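Enquirer: Give me a 3D structure for the following:
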Amino acid sequence: MHPMLFALSQLPLRCVNAALDLHVGGSRREVFFDIDETYPALREIDRNADSIRAELMPLLSDWEDLPEYHVVDAAQTRISSSTPHRWKVFLLYAMGEKPAVNRQRCPRTCAVIDDIPDLFQAFFSILEGGKSIPAHCGPYRGYLRYHLPLVVPAHNPPNIRVKDITHTWRDGESILFDDSWEHEVHNDAADLRVVLIVDVLRPMPFPFHAVNRLVSVFIRYLYGRGLVKNLR
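Expert: Model (predicted):
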């Protein structure tokens with residue numbers, strides 16, 4: 001999405017966020033979540049970590065040729081290109097859009113994520129050694145973000161701070177958190193850090209879930225299609 005269109009979309013999203021806060025708790029909402037209690041279906045991704053990693057490794061042989069995040073999504077320019085080194089992404093699913101060329105290279109991974117209920121987005125996030133991500137907030141309360149670390153440098157492993165909690169990634173140990181809190185990544189390692197990111201619609205009762213599903217449809221057409229188009 002063009003940065004100006006992204007900025008214009010923030011007002012309606014803020015209104016929806018305010019409505020969802022009636023359920024999620026606003027400034028008292030949780031930061032990290034227990035996967036088994038909140039979204040146990042994500043454990044199927046954990047169980048397939050070896051197969052997913054096996055499909056990832058050929059991609060990393062030419063990772064420098066993969067697009068940087070701000071090339072796929074111009075709205076991410078500040079956090080993607082404003083610090084040294086590169087942040088590459090390999091998109092697998094975007095709000096219902098399925099980039100065929102990418103998915104053909106990772107059929108097992110896509111089969112696993114496609115079975116996740118209320119899937120919102122999925123991609124490999126590849127940070128070059130020395131690349132950090134400045135503090136920012138996800139724009140929408142309606143999803144939760146899952147990380148499956150697949151490549152984590154053993155020496156000086158990178159970490160993520162979400163609100164006031166800092167987590168150091170460990171290979172194969174997944175986490176689930178609210179991406180709308182301020183978060184940042186510190187990566188002082190010399191080697192690549194690769195995480196499979198999967199966004200899922202936040203579990204909520206009616207009518208909040210119905211609103212969330214409706215918003216996700218609009219986001220698909222206003223945002224998701226543009227991401228896939230930028231891969232061509």
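Enquirer: quick one: the strands in the chain?
Expert: 87-94, 119-127, 133-137, 143-151, 159-162, 165-168, 175-177, 182-186, 193-201 (DSSP state E).
Enquirer: what would these look like in CSV with mean pLDDT, mean neighbour count and distance to residue 226?
Expert: In short, each C-beta sits where N, CA and C put it, glycine included. Formatted as CSV, these follow (pLDDT from 0 to 100; neighbours: other Cβ atoms under 10 Å; distance: least, Cβ to Cβ, whole Å):
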stretch, mean pLDDT, mean neighbour count, distance to residue 226
strand 87-94, 98, 24, 9
strand 119-127, 98, 23, 13
strand 133-137, 96, 14, 19
strand 143-151, 98, 22, 18
strand 159-162, 98, 17, 26
strand 165-168, 98, 13, 31
strand 175-177, 98, 20, 26
strand 182-186, 97, 17, 24
strand 193-201, 98, 22, 16
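Enquirer: Any chance of those strands in CSV with distance to residue 211 as columns?
Expert: Shown next, in CSV, are those (distance: least, Cβ to Cβ, whole Å):
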stretch, distance to residue 211
strand 87-94, 20
strand 119-127, 14
strand 133-137, 20
strand 143-151, 13
strand 159-162, 24
strand 165-168, 28
strand 175-177, 21
strand 182-186, 24
strand 193-201, 11
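Enquirer: Find the nearest non-adjacent residue to the residue nearest the centre of the chain, please.
Expert: In the chain, the centroid-proximal residue (Cα atoms, centre = their mean) is residue 197; its distance is 4.1 Å. Computed as Cβ to Cβ, 6 or more residues apart in numbering, the closest residue to residue 197 that is not its neighbour in sequence is residue 125, at 5.1 Å.
Enquirer: quick one: contacts for that neighbour?
Expert: 69, 87, 89, 194-197 (Cβ atoms under 8 Å, 6 or more residues apart in numbering).
Enquirer: now residue 141
Expert: 16-17, 20-21, 24, 29, 178, 180, 202.
Enquirer: wait, which of the contacts of residue 125 is closest to residue 120?
Expert: residue 197 (10.6 Å; Cβ to Cβ).
Enquirer: where does this protein dip in pLDDT?
Expert: Low-confidence segments of the chain, defined by pLDDT under 70: 1-11.
Enquirer: which residue ranges form the helices in it?
Expert: Assigned by DSSP state H, the chain shows helices spanning 3-24, 35-38, 43-47, 49-60, 69-72, 77-81, 100-105, 107-114, 208-219, 225-229.
Enquirer: By neighbour count, which bits of the third one are buried? Give me those.
Expert: Burial within helix 43-47, assessed by neighbour count using 16 or more other Cβ atoms under 10 Å, is assigned to residue 45.
Enquirer: Same check on stretch 60-73?
Expert: 60, 63, 66, 68-73.
Enquirer: now, among those, which is nearest to residue 108?
Expert: residue 60 (16.4 Å).
Enquirer: and the gap between the closest one and residue 126?
Expert: Between residue 60 and residue 126 the computed distance is 7 Å (Cβ to Cβ, to the nearest Å).
Enquirer: Show me the common contact partners of these two, please.
Expert: With Cβ under 8 Å, 6+ apart, residue 60 and residue 126 have common neighbours 192, 194.
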